[in-house]
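In: task: produce atomic coordinates for the following.
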Amino acid sequence: MKVTHRGARAAFVMAMFAVGSQQVGAQQRVVTPAQRGGQPLPETPYILVTAFHAPTKQLAVEAADELRSRLQSEHSARELFVVTKATVEATLRSSGYPVDSALGVGDLMELAKALRAEYVIDGTATKAGSGNAVRFSTHVLIKTGGQTLTQPLPSADGKDVGDAAKITEHAITDALKQMPAYRDCLAALRAGKNDDAITKARTGVAAYANAAFARVCLLNGYVSSKTAPPDSIIALANQILAVDSTSMLALANLADAYNAKGQKEKAAAAYERILSLDPNNQVVRGMVIEYDGQTDPAKALKLVEESLKENPTDVPLLRNRWLLQLRLAHYKDAIASGEELVKTDTASATLDYFQRQIGAAQSDSNATKVLDLSQKASQRFPKESSFPLLLAQSAYKAGQLQQALDAARRAASADPKRLDAWKFILVTLTDLHQPDSALAAGQQAIAAGVPKDSVGELLLARVAGPSLKAAQASKTRADWQAALKASQSVDAISPSAQSNFYIGVSSFQVATDILTNDVQTLAKSKKKEDQTQACIEAKQAEDLLATTSISMPRGGSVDKNVAAQILGAVSQYGEFIAAVKKNFCK
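Out: Numbers count the residues shown, from 1 in each chain. Have a look, this model is predicted:
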């Protein structure tokens, strides 16, 4: 029982209601009832009417008295027994309740239980117009299992209390026409006869067009049968809500049916209506947040923030706030909320948490926070390569190349096949002017399982390519030799058309320089030692041109015109080399 007033005496009141039940039962068996028809039968339903909700206590009591009297005059005690005013007031007094004040629904149902009343009238009386005109707004309440069900009745506008009571009595009588079928429906449900229950419930609806109770039983039959399609449940739930907008059962099933159809927004709206009726229901609140989070994250965030005012350390709420802020791109707020989350619950500092937080800091262009989070994450998850890689990027941007290299190596150690970690290592090594170390690192990367093509492309761009450009700029033999060495080293690691083209160009340029600057001069000399040297260098140039002849066809697709020119020159140089060898290589 939910006590709406006199909270400290709730347990005492409950006990008194129980005592009152025993006393009243004995009293009703010996006292002649005010109703016609003699004593109620064992199966006769009782109906309870207490003081209405009203602006004055006088109107509250008068409305109840008139309705009670009207019910007694229109119904035989064997058909519908009206709990007498004397019995109601005696029980209320013994329980410490005033007899001229309306009870809340919870107290009404407990009083009904004590007095064996199957039906309870929850009424409101208000002045309506001039003179004695009043309006009655009433509901019939019943208890089924642990649920209190409501049957709203049409409002009754009367010229006075008696007239309004007369109209209300007719409405109650009409509403109770559904009850025989409702009881049969319940019995069928309890017996597991769902189809029979559905049939009986429909009979109840036919007996009273606005039947809420029969429709509730019909809804239970649909749900229990597990065969009714979502559209049927939605239609029936909406019918119930049209009669009783506060039906929790209808709202819950409406939400489930919408959810089954994938209509998340409508499901969320149903849960929101439940929450408005039961604002302290944390389970429903969580559902509303979940559904709104999918369809209207701003609305969900507002609800979460309101909930956190009451429960500031609730971890699921803190997590929901953080996730919703991320979704709404409120990055600064999300970072702060995430930090509050892990401060409250250290277990929330998961890999996913750090990845999302770092992403938020990056989106917020907060480099300092990215670095701070990456350091913490790297310490907590040493086997996760993404965090040291972020540290490497931060250090590289800051010009701290050695720190960047160390962090990139940690990333490659955590995930040996991670291409971007090895790329970072190779780039940083070349920036540190350590091409030999870069070539060695390339071999390590391939050995670890990184694709050769990817490593080769990077080494060409960062090692062989720059060497070739330097040689083209200086046109010195030493630089062309360095370019040839770099290109051959890259080709040994990852051969490609580009690396062969670089080798072909470099070897040809070194051979050309030897032949034009050394061999031609030496060949003109009369000195024996110069002629011998001419032979040696001619052979050296011949070997280089052989390399050109092998590599350039493989790399000719890079630049067909250059390849054709070089190969044409190779054949011309061949005649000159043959002559030098014939004259000086004896």
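
In: name the nearest residue to residue 161, sequence neighbours excluded.
Out: What sits nearest to residue 161 in space, not counting adjacent residues and going by C-beta to C-beta, 6 or more residues apart in numbering, is residue 66, at 4.8 Å. Placement of C-beta: from N, CA and C, glycine included.

In: show me the contacts for residue 410.
Out: Residues near residue 410 by C-beta atoms under 8 Å, 6 or more residues apart in numbering: 378, 388.

In: swap in 6 Å and give it another go.
Out: Neighbour list for residue 410: residue 388 [criterion: C-beta atoms under 6 Å, 6 or more residues apart in numbering].

In: now it. Its backbone dihedrals?
Out: phi -70, psi -40 (degrees, to the nearest 10).

In: pLDDT weak spots in the stretch 401-550 of the chain?
Out: The stretch 401-550 of the chain contains no residues with pLDDT under 70.

In: how about the helices of it, start to end?
Out: Per DSSP state H, counting those that start in this stretch, the stretch 401-550 of the chain carries helices over the ranges 401-414, 419-431, 435-448, 452-459, 465-474, 477-493, 497-514, 520-523, 528-555.

In: who does the second one touch, helix- and strand-wise?
Out: What it means is helix 419-431. When contacts are defined as 3 or more C-beta pairs under 6 Å, 6 or more residues apart in numbering; DSSP states H and E, helix 419-431 packs onto helix 401-414, helix 435-448, helix 452-459.

In: check the gap between residue 340 and residue 262 for me.
Out: Per C-beta to C-beta, to the nearest Å, residue 340 is found 34 Å from residue 262.

In: now tabulate the helices of the stretch 401-550 of the chain in JSON lines and tack on distance to residue 96.
Out: Shown next, in JSON lines, are these (distance: least, C-beta to C-beta, whole Å):
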{"stretch": "helix 401-414", "distance to residue 96": "72"}
{"stretch": "helix 419-431", "distance to residue 96": "77"}
{"stretch": "helix 435-448", "distance to residue 96": "83"}
{"stretch": "helix 452-459", "distance to residue 96": "85"}
{"stretch": "helix 465-474", "distance to residue 96": "96"}
{"stretch": "helix 477-493", "distance to residue 96": "94"}
{"stretch": "helix 497-514", "distance to residue 96": "97"}
{"stretch": "helix 520-523", "distance to residue 96": "127"}
{"stretch": "helix 528-555", "distance to residue 96": "103"}
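
In: of these, which is nearest residue 246?
Out: helix 401-414 (57.9 Å; C-beta to C-beta).

In: what comes up buried for that closest one?
Out: For helix 401-414, the buried set under the neighbour-count rule, 16 or more other C-beta atoms under 10 Å, comprises 401, 403-405, 407-412, 414.

In: quick one: that helix to chain centroid distance?
Out: Taking C-alpha atoms, centre = their mean, to the nearest Å, one finds the center of helix 401-414 at 35 Å from the center of the full chain.

In: then stretch 522-536?
Out: On C-alpha atoms, centre = their mean, the centre of stretch 522-536 falls 84 Å from the chain's centre.

In: cool, stretch 109-123 as well?
Out: Using C-alpha atoms, centre = their mean, the offset of stretch 109-123 from its chain centre is 45 Å.

In: so residue 123: helix, strand or coil?
Out: strand (DSSP: H, G, I helix; E, B strand; the rest coil).

In: for it, the count of nearby residues, please.
Out: 25 (other C-beta atoms under 10 Å).

In: likewise for residue 524?
Out: Neighbour count of residue 524, defined by other C-beta under 10 Å: 10.

In: what does residue 279 give?
Out: Neighbour number of residue 279 under other C-beta under 10 Å is 10.

In: tell me the secondary structure at residue 140.
Out: Looking at residue 140 with three-state DSSP, the answer is strand.

In: give me the element the nearest residue to it once chain neighbours are set aside is part of.
Out: Nearest non-adjacent residue to residue 140, counting by C-beta to C-beta, 6+ apart: residue 151, 4.2 Å away. Secondary structure from DSSP states H and E places residue 151 in strand 147-152.
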